[in-house]
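Asks: Sequence isn't available, so here's the structure alone:
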């Protein structure tokens with residue numbers, strides 16, 4: 001479910017008063033409860049919220065939809081009919097039920113496709129989103145997904161772009177449509193197209209060249225988790241996808257470095273992380289990373305920074321950071337000293353014993369910096385063996 005539909009559903013549930021009656025919550029364990037299908041279909045339009053709703057605070061209709069999903073394929077014909085016969089506000093639930101049932105609901109595809117022109121953009125988006133969840137091979141739905149990429153509503157277009165990414169076997173059909181979507185006015189649609197191009201198949205020069213301009217795109221896209229919408233920089237997403245195209249290194253690395261030096265960009269984190277994937281290609285930014293780490297020695301209130309972790313990830317390619325890290329280990333304190341210790345443990349073959357001792361302290365006395373130690377442990381891998389006793393103590 002895309003974020004707008006989810007937010008609308010949450011707001012609706014919060015605005016509806018619970019019922020005060022003994023009517024049981026609709027439920028079904030599986031196919032053996034098939035005789036309940038007619039009653040459950042009728043309950044789809046019930047917008048009351050049960051007083052004892054648990055674990056989901058939703059309507060009777062929502063619980064009925066979940067019960068129909070549990071019944072599975074035998075509920076598909078009734079859910080399919082409900083897509084066309086229920087009132088406009090209630091059609092969203094049978095569509096979602098079919099989507100959750102997935103490929104066994106394939107017989108519903110003609111009806112879903114026929115209803116892609118409904119007036120409600122949220123229902124069009126839900127139907128569009130359901131197509132790729134139901135049609136495993138894409139043969140039936142790809143033409144419809146391409147059509148919905150031209151819908152007037154950005155959330156429908158976003159669902160279509162996401163759906164096309166599910167079909168690598170049809171890349172020759174999906175890629176041109178997704179490349180065109182990279183120029184969409186909505187950053188959320190552009191983000192969905194970027195992700196799908198990263199999933200849909202073998203990285204080609206055409207895909208790479210189409211993604212490179214977005215390294216200077218200052219748009220932000222949104223993701224929803226636990227009913228909270230969080231904004232992310234599109235640049236970071238593009239850089240992450242490009243970092244997987246290792247055979248396009250000669251073209252991608254110069255573009256990443258150019259974006260890194262673009263002073264107008266709000267975030268460089270994704271670009272830095274992408275350069276790390278190309279190993280030695282990140283060496284030109286090492287002096288900047290060292291400078292950022294060195295500034296910790298003169299900062300009173302040290303906050304979380306990304307640069308020391310990147311130096312650790314670069315390993316031997318960041319050997320120039322060893323003198324600065326050793327100096328910070330001697331003169332720094334708190335989080336600054338911890339960062340220096342982590343960098344030395346990861347890149348200095350002659351790392352002083354105190355580096356591992358400092359790195360172990362948040363494990364011995366768990367505090368808010370423990371996750372920084374874990375970041376460095378991820379980089380160290382098997383070389384973190386000296387810290388195993390402290391790690392076991394932490395886990396207890």
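Replies: Structure received. What you see is a predicted model; the values in this text were computed from it and never measured.

Asks: Which residue comes closest to residue 359 once chain neighbours are left out?
Replies: residue 341 (4.7 Å; C-beta to C-beta, 6 or more residues apart in numbering). Placement of C-beta: from N, CA and C, glycine included.

Asks: likewise residue 369?
Replies: In space, and not counting its chain neighbours, residue 369 is closest to residue 362: 4.6 Å by C-beta to C-beta, 6+ apart.

Asks: Report the secondary structure state of the one you found.
Replies: Per DSSP: H, G, I helix; E, B strand; the rest coil, the secondary structure class of residue 362 is helix.

Asks: Near it, how many other residues are there?
Replies: For residue 362, the count of nearby residues is 20 (other C-beta atoms under 10 Å).

Asks: Equivalent analysis for residue 192, please.
Replies: If you count neighbours by other C-beta under 10 Å, residue 192 ends up with 28.

Asks: same question, the one 4 residues further on
Replies: Other residues within reach of residue 196 by the criterion other C-beta under 10 Å amount to 24.

Asks: One more: residue 107?
Replies: For residue 107, the count of nearby residues is 13 (other C-beta under 10 Å).

Asks: tell me the average confidence for the helix or strand hosting residue 37?
Replies: Element membership for residue 37 (DSSP states H and E) is helix 37-43. For helix 37-43, mean pLDDT is 92.

Asks: thinking again about what came up before, report whether the expected contact of the residue nearest to residue 359 with residue 358 is present.
Replies: Yes. Counting by C-beta atoms under 8 Å, residue 341 does reach residue 358; the two are 3.7 Å apart.

Asks: residues shared between the contacts of those two?
Replies: Counting by C-beta atoms under 8 Å, 6 or more residues apart in numbering, the contacts common to residue 341 and residue 358 are residue 329.

Asks: Tell me which of these two has more neighbours.
Replies: Neighbour count, other C-beta under 10 Å: between residue 341 and residue 358, residue 341 has more, with 28 against 21.

Asks: Same question for the helix or strand where the more buried one lies: list its buried residues.
Replies: Using DSSP H and E, residue 341 falls within helix 334-347. Neighbour-count burial for helix 334-347 flags 335-347 (criterion: 16 or more other C-beta atoms under 10 Å).

Asks: Off-centre distance for that helix?
Replies: 30 Å (C-alpha atoms, centre = their mean, to the nearest Å).

Asks: Quick one: list the elements packing against it.
Replies: helix 286-294, helix 307-314, helix 322-331, helix 353-364, helix 370-380 (3 or more C-beta pairs under 8 Å, 6 or more residues apart in numbering; DSSP states H and E).

Asks: now for the third one, which elements pack on it?
Replies: Under the contact criterion of 3+ C-beta pairs under 8 Å, 6+ apart, the helices and strands touching helix 322-331 comprise helix 286-294, helix 334-347, helix 353-364.

Asks: Same check on the longest one?
Replies: Here helix 353-364 is seen to pack against helix 322-331, helix 334-347, helix 370-380, helix 388-395 when contacts are counted using 3+ C-beta pairs under 8 Å, 6+ apart.

Asks: who's in contact with the regular element (helix or strand) spanning residue 251?
Replies: Assigned by DSSP H and E, residue 251 falls within helix 249-260. Residues from elsewhere that reach helix 249-260 (C-beta under 8 Å, 6+ apart): 205, 208-209, 212, 215-216, 235, 239, 242-243, 245, 265, 268, 271-272, 274-275, 278, 281, 284-285.

Asks: in it, what's buried?
Replies: For helix 249-260, a neighbour-count test (16+ other C-beta under 10 Å) marks 252-253, 255-257, 259-260 as buried.

Asks: Tell me the helix or strand right after it.
Replies: Scanning forward in sequence from helix 249-260 by DSSP H and E, the next helix or strand is helix 269-276.

Asks: Is residue 240 in contact with residue 270, as I believe?
Replies: Yes. With contact defined as C-beta under 8 Å, residue 240 counts as touching residue 270 (5.8 Å).

Asks: which of those two has more neighbours?
Replies: More neighbours surround residue 270 than the other of residue 240 and residue 270, with 24 against 17 (other C-beta under 10 Å).

Asks: if I pick the more buried one, what's in contact with it?
Replies: Applying C-beta under 8 Å, 6+ apart to residue 270 gives the contacts 233, 235-240.
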